[in-house]
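*Asks:* Provide a 3D model corresponding to the input given below.
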Amino acid sequence: QVQLVESGGGLVQAGGSLRLSCAASGFDCRKYTIAWFRQAPGKEREGVSCISTDVKTVYADSVKDRFATSRDNDKNTAYLQMNNLKPEDTAVYYCKAEYRAWGSHDYWGQGTQVTVSS
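*Replies:* Below you'll find the model as predicted:
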């Protein structure tokens, strides 16, 4: 059974840190780019970061120098380390596994809530 499960969200004060995990099961995530998205209430889902199969990373300007994404293929898990959190980072965070070879397809996680209080 294919599954992508985020964890690590919660309530934190501004300036604090959280580390989100994105655990894959039922498929080999080393063949997938792992992307992180977030969606705040009343706003569209936006891309936060991604890490490719060859460990290249890209970040949205709003999180650059504060967030860091990584992956541990042996654990079939990706991570999003979030530092110096701001109230505007409050959102539901999702991870997505993207397969872009023949038979392109994506898997989404169910999301984890991150709330940053001022």
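*Asks:* Please enumerate residues in contact with stretch 18-27?
*Replies:* Under the contact criterion C-beta atoms under 8 Å, 6 or more residues apart in numbering, stretch 18-27 has outside partners 1-10, 12, 32, 34, 36, 75-82, 85, 93, 95, 97, 107, 109, 112, 114. Using the backbone N, CA and C atoms, a C-beta is placed for each residue, glycine as well.
*Asks:* which of those are buried?
*Replies:* Among those, those scoring as buried are 4, 6, 8-9, 12, 32, 34, 36, 76-80, 82, 85, 93, 95, 97, 107, 109, 112, 114 (criterion: 16 or more other C-beta atoms under 10 Å).
*Asks:* Strands - which of those land there?
*Replies:* Residues of the buried ones among the contacts of stretch 18-27 located in strands (DSSP state E): 4, 6, 12, 34, 36, 77-80, 82, 93, 95, 97, 107, 112, 114.
*Asks:* The host helix or strand of residue 49 pairs with which strands?
*Replies:* Element membership for residue 49 (DSSP states H and E) is strand 46-51. Strands adjacent to strand 46-51 in the sheet, as given by DSSP bridges, are strand 33-39 (antiparallel), strand 57-59 (antiparallel).
*Asks:* most tightly surrounded among those?
*Replies:* Greatest average neighbour count among these goes to strand 33-39 (a mean of 22), per mean count of other C-beta atoms under 10 Å.
*Asks:* From the centroid of the chain, which residue is nearest?
*Replies:* residue 36 (3.1 Å; C-alpha atoms, centre = their mean).
*Asks:* Could you look up the SS state of the residue of the chain most remote from its centre?
*Replies:* In the chain, counting by C-alpha atoms, centre = their mean, residue 102 sits farthest out from the average C-alpha position, at 24.2 Å. Under DSSP: H, G, I helix; E, B strand; the rest coil, the three-state class of residue 102 is coil.
*Asks:* Now do it, the pLDDT please.
*Replies:* Residue 102 carries a pLDDT score of 86 in this model.
*Asks:* Understood, closing this out.
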